[in-house]
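A.B. asks: Just to be clear, the model below is a prediction. Sequence and coordinates:
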There are 2 protein chains.
Amino acid sequence: MPKPPPPSSILLKGCSWIITQNVSREIIRGGSILIRDGLIEAVSKERIKARNIDLVIDGEDKLALPGLVNAHTHVSMTLFRGYADDMHLKEWLEDKIWPLERKLTGDICYLGALLGCLEMIRSGTTCLLDMYFYPDYVARAAREVGMRAYVSHALIDLMDRDEGLRQVGLAEDYIRRIRGMGDPRIGIAISPHAPYSCSEETLLKAKEIAEREGIPLHIHLAETRKEQVDFEKKYRLREVEYLDRIGFLSHRLVAAHSVWLTRREVRLLAERGVKVAHCPVSNMKLAEGGIAPIPEMMEEGVTVSLGTDGAASNNSLDMFETMKVCALAHKAHRWDPTVAPAQTVLDMATIGGAEALGLSHRIGSISEGMRADIILMDLKSPNLRPIHAPSTLVSHMVYSAKGCNVDTVIVDGKILMYKRRFKTVDERAVYSAVDSAVSSLIGEAA
Amino acid sequence: MPKPPPPSSILLKGCSWIITQNVSREIIRGGSILIRDGLIEAVSKERIKARNIDLVIDGEDKLALPGLVNAHTHVSMTLFRGYADDMHLKEWLEDKIWPLERKLTGDICYLGALLGCLEMIRSGTTCLLDMYFYPDYVARAAREVGMRAYVSHALIDLMDRDEGLRQVGLAEDYIRRIRGMGDPRIGIAISPHAPYSCSEETLLKAKEIAEREGIPLHIHLAETRKEQVDFEKKYRLREVEYLDRIGFLSHRLVAAHSVWLTRREVRLLAERGVKVAHCPVSNMKLAEGGIAPIPEMMEEGVTVSLGTDGAASNNSLDMFETMKVCALAHKAHRWDPTVAPAQTVLDMATIGGAEALGLSHRIGSISEGMRADIILMDLKSPNLRPIHAPSTLVSHMVYSAKGCNVDTVIVDGKILMYKRRFKTVDERAVYSAVDSAVSSLIGEAA
């Protein structure tokens, strides 16, 4: 018997609450959402009358929220979770991470990406921006799982012109191949690794490709104090000033980390329309000092999104955790509990991520005409009770909710998880394939 | 048909891993645990041959860990979760929390405690130290659920001698009543609220009662900078110096928060055997400045345990989250990733909590002769994969695990949750009772 086709229309009927994240940040008590051909066709407090609905999901005791966007990760590094912790960055990279990375293959990156995608779905992330190696294999994993993913190859030339040309050629090749997949959920970005690891030529070529292809440009920026200090010594300019002078800054740029910035650098980012992917958990764990000047970015009008970074440094890909730590970190740092309030943080993880990827017309809110990237939270959970007023729900999403409160995940109108069961992947098969890959790579796995 | 009696013997058979937290911090790969009459009778890598076992639980793909100890909370405040956030402490207390607290009754505190206990069990906490009002009602909730709980009444006299006598009388009355319950899992503590809110007489009377009854003495200490500054202005002594001078410090004392301390104060705590209950999430969210000098406490030999504080300020009771935030906060604060390493943090949440309560001979590790407070983590979860080596598991517990990875919870040999289902309480009944209570207290509930 042939497998039935996936439902092309889904009615999320009578959701207890909908946090729309639309322009007026409307919260609907008791409402339904009609999804057809991957699109949100209707969002209404009234009963939605529609014919030919393939699937009706009961929304009682459920809260619908836009799927979360993880705007900076290295998803294949999920394989390295817990392999090395509590170490200084230099030793961590040189003694632990880089030796492993030299042994990576496309197949291993695929398995790491598969594991990371499972973790992200379980915790309500529906879209990611990835920077690593073998992006075609990462794309393959994301396609199999059904996530919305922007993948990219990390360009590193260490100021070697020939290597720069080779890396750019490789990236162009990946762009062709991934475009060739023809999957509307899979996008590609172009990612010079960092200002200190790429030559001016490579940076500018990457920007040119981003413009030509209309794709995001992604980079690591000012992650540590040492990086800025060393850069300034060498270039007599701070990183953002240098990038601006060479003409690299662009509204397509998603700058991960962006910790060690002056107010002048923040202003430059704002003026050029650069988006920031803030990674508070990874920054705190690697503990290279400082905390990203998010309040200043907000003041200057920079769009801020949130990322987990890789599981090697985080060691989790749970965006609910990242939201809470983001709020805590800025409040504590400024001795001011009014900093990074719940609504602002929720915006970063939804609309902010969509804007970073140039997708705010397609995802990031539950509104008619948007793609259906929606998660349902199970409100029959002690940690989400009680609900005093609609505004409590935003607080709950940022301060109380955990990834495990996610019951159902829908991406582009397709169900990836329902009642916490994966619908597109055999999770046990992933775990055992990952175990084998890890034992061949490192030597021991459970 | 009569309900069958609960199993008096349980075999956790063939657990994939056991993190014992015993003196040598042994991690056992493939082992079994025999529980009889609430006691851990055997822990072994070998097959345990025992007759008359009432229940066998398959430990495949499970990791056994000592139940976590929440060493400072106000569990009834779970009712106030999300009611007021992102506010300065003074307004938060005066405009939001205190007006609600004036309306509390024993029955309402009971419901809040019930909800909080459900959340704690779900996230692997098996024992708590509570300070609030109506401790007999809190005890009733903990008994019904089956948690190990030390409850207490917050003594506040605001330097009024008569009020102090009345409060101490009340506390003595609670001690008698709760002792009278005769439940070995329910303990009581005596809790002068803080050095600034209690007279010397009340503080000393509380200590005297703690000595006489052999129970924990619990207090809020140096939670904010303003508190220390104001105290020093008034008393010409810092809080710990004052408490030492009046003879209040004791090995029975569990000092919550302990943020604004000098090295000299830390030394005094160490010399007097005082235990600290560190509450990093609440401290960061209320953002009154500073971070507890945990590395200095470790250097001086102070026993440190972890607490969530109440859900009104946290807004979660998940000790896995508290462990991760603890590690992140200290690393980031010191610009040093080697601070607060995984094993140290796991110790705080298990053995540290047991020591704070004077229970290290009974709980905090999985060893023969200890009470059976054990949780099983489900390793078939993407966020706990892969496992590179036994040491990865400790990292996973602190940096990757979430409360929702807890599959089974056993307290004193009794199963409170199995395959994530509560075995002692009807959770839906709790939610609806809480909703009614909240709507009568505040005016709106879902």
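C.D. replies: Yep, it's here.
A.B. asks: Only C-alpha atoms from now on, for both contacts and neighbour counts.
C.D. replies: OK.
A.B. asks: what about the residue of the stretch 101-250 of chain A found nearest chain B, is that helix, strand or coil?
C.D. replies: Closest to chain B within the stretch 101-250 of chain A is A:Glu119: 5.1 Å, counting by CA to the nearest CA. Under DSSP: H, G, I helix; E, B strand; the rest coil, A:Glu119 falls in the helix class.
A.B. asks: right, and it touches A:Leu317 too?
C.D. replies: Yes: contact criterion CA atoms under 8 Å: A:Glu119 and A:Leu317 qualify, at 6.6 Å.
A.B. asks: what residues do the two have in common as contacts?
C.D. replies: Listed as contacting both A:Glu119 and A:Leu317 by CA atoms under 8 Å, 6 or more residues apart in numbering or on different chains are B:Asn383.
A.B. asks: the strands in the stretch 251-400 of chain A, which residues?
C.D. replies: A:253-257, A:275-278, A:303-306, A:374-378 (DSSP state E, counting those that start in this stretch).
A.B. asks: that older thread, next up, the contacts around the closest residue to the residue of the stretch 101-250 of chain A closest to chain B other than its chain neighbours.
C.D. replies: Distance criterion CA to CA, 6 or more residues apart in numbering or on different chains; nearest residue to A:Glu119, sequence neighbours excluded, is B:Pro382 at 5.1 Å. Contact partners of B:Pro382, counting by CA under 8 Å, 6+ apart, are A:115-116, A:118-119, A:431.
A.B. asks: any idea how far B:Gly106 is from B:Pro382?
C.D. replies: Distance, B:Pro382 to B:Gly106, using CA to CA, to the nearest Å: 42 Å.
A.B. asks: Check A:Ser367 too.
C.D. replies: As judged by CA to CA, A:Ser367 and B:Gly106 stand 45 Å apart.
A.B. asks: which of these two has more neighbours?
C.D. replies: Neighbour count, other CA atoms under 10 Å in any protein chain shown: between A:Ser367 and B:Gly106, A:Ser367 has more, with 22 against 15.
A.B. asks: Tell me where the stretch 101-250 of chain A is predicted with low confidence.
C.D. replies: By pLDDT under 70, the stretch 101-250 of chain A has no low-scoring segment.
A.B. asks: What residues does it have near chain B?
C.D. replies: A:115-116, A:118-119 (CA under 8 Å from any CA of the partner chain).
A.B. asks: what's the neighbour count on A:Ser152?
C.D. replies: There are 30 residues near A:Ser152, going by other CA under 10 Å.
A.B. asks: residue boundaries of the helices in the stretch 201-350 of chain A?
C.D. replies: For the stretch 201-350 of chain A, the helices defined by DSSP state H, counting those that start in this stretch occupy A:225-235, A:239-245, A:263-271, A:280-286, A:294-300, A:319-334, A:342-347.
A.B. asks: Of those helices, flag the one that's most buried.
C.D. replies: Among these, helix A:280-286 has the highest mean neighbour count (mean count of other CA atoms under 10 Å in any protein chain shown), at a mean of 27.
A.B. asks: follow-up on the earlier one: which among the residues of the stretch 101-250 of chain A next to chain B gets closest to A:Ser76?
C.D. replies: Of all those, the one sitting nearest A:Ser76 is A:Gly116; the distance, using CA to CA, is 6.8 Å.
A.B. asks: Contacts for the strand or helix carrying that closest one, please.
C.D. replies: Assigned by DSSP states H and E, A:Gly116 belongs to helix A:106-122. The contact list for helix A:106-122 (CA under 8 Å, 6+ apart) reads A:75-79, A:126, A:133-134, A:137-138, A:140-142, A:145, A:147, A:317-319, A:403-404, A:406, A:409, A:416-417, A:420, A:427, A:430-431, A:433-434, A:437, B:381-383, B:385.
A.B. asks: Could you tell me which of these are located in strands?
C.D. replies: Under the assignment DSSP state E, those contribute A:126, A:406, A:409, A:416-417 to strands.
A.B. asks: Going by distance to B:Met159, which of the contacts of B:Pro382 wins?
C.D. replies: Looking at these and their distance to B:Met159, the nearest is A:Glu119, at 53.5 Å (CA to CA).
A.B. asks: what's the burial count for that closest one?
C.D. replies: Neighbour tally, A:Glu119, other CA under 10 Å: 23.
A.B. asks: Next, count neighbours for the residue lying closest to A:Val411 once chain neighbours are set aside.
C.D. replies: The shortest distance from A:Val411 to any non-neighbouring residue, by CA to CA, 6+ apart, is to A:Asp373 (4.3 Å). By the measure other CA under 10 Å, the count of residues near A:Asp373 is 32.
A.B. asks: tell me what the helix or strand where A:Asp162 lies is packed against?
C.D. replies: For A:Asp162, the element it lies in under DSSP H and E is helix A:161-180. For helix A:161-180, the packing partners by 3 or more CA pairs under 8 Å, 6 or more residues apart in numbering or on different chains; DSSP states H and E come out as helix A:135-145, strand A:154-155, strand A:186-188, helix A:200-213.
A.B. asks: Just send those back as CSV, with mean neighbour count too.
C.D. replies: As requested, these are arranged in CSV below (neighbours: other CA atoms under 10 Å in any protein chain shown):
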stretch, mean neighbour count
helix A:135-145, 23
strand A:154-155, 26
strand A:186-188, 24
helix A:200-213, 19
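A.B. asks: so which of these gets nearest B:His193?
C.D. replies: Closest approach to B:His193 among the helices and strands packed on helix A:161-180 (CA to CA): helix A:135-145, 52.5 Å.
A.B. asks: before we move on, the earlier item: neighbour-wise, give me the winner out of the ones in strands among the contacts of helix A:106-122.
C.D. replies: Greatest neighbour count in these, by other CA under 10 Å, goes to A:Val409: 32 neighbours.
A.B. asks: and the residue sitting nearest the centre point of chain A, what does it touch?
C.D. replies: Centrality entry for chain A: nearest residue to the mean C-alpha point is A:Asn70, 1.4 Å, by CA atoms, centre = their mean. Applying CA under 8 Å, 6+ apart to A:Asn70 gives the contacts A:125, A:127-129, A:305-308, A:319, A:349, A:353.
A.B. asks: Let's see that with 7 Å instead.
C.D. replies: Each residue near A:Asn70 by CA atoms under 7 Å, 6 or more residues apart in numbering or on different chains is listed here: A:125, A:127-129, A:306-308, A:319, A:353.
A.B. asks: and what of A:Ile27?
C.D. replies: Neighbour list for A:Ile27: A:18-20, A:390 [criterion: CA under 7 Å, 6+ apart].
A.B. asks: Okay, and which of the residues you listed map to strands?
C.D. replies: Per DSSP E, the subset of those in strands is A:18-19.
A.B. asks: Compile the contacts of A:Ile27 into JSON lines and extend it with columns for distance to A:Lys207 and neighbour count.
C.D. replies: Formatted as JSON lines, the contacts of A:Ile27 follow (distance: CA to CA, whole Å; neighbours: other CA atoms under 10 Å in any protein chain shown):
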{"residue": "A:Ile18", "distance to A:Lys207": "39", "neighbour count": "28"}
{"residue": "A:Ile19", "distance to A:Lys207": "36", "neighbour count": "21"}
{"residue": "A:Thr20", "distance to A:Lys207": "34", "neighbour count": "20"}
{"residue": "A:Pro390", "distance to A:Lys207": "43", "neighbour count": "18"}
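A.B. asks: Which of the contacts of A:Ile27 scores worst on pLDDT?
C.D. replies: Least confident entry in those, by pLDDT: A:Pro390, with 88.
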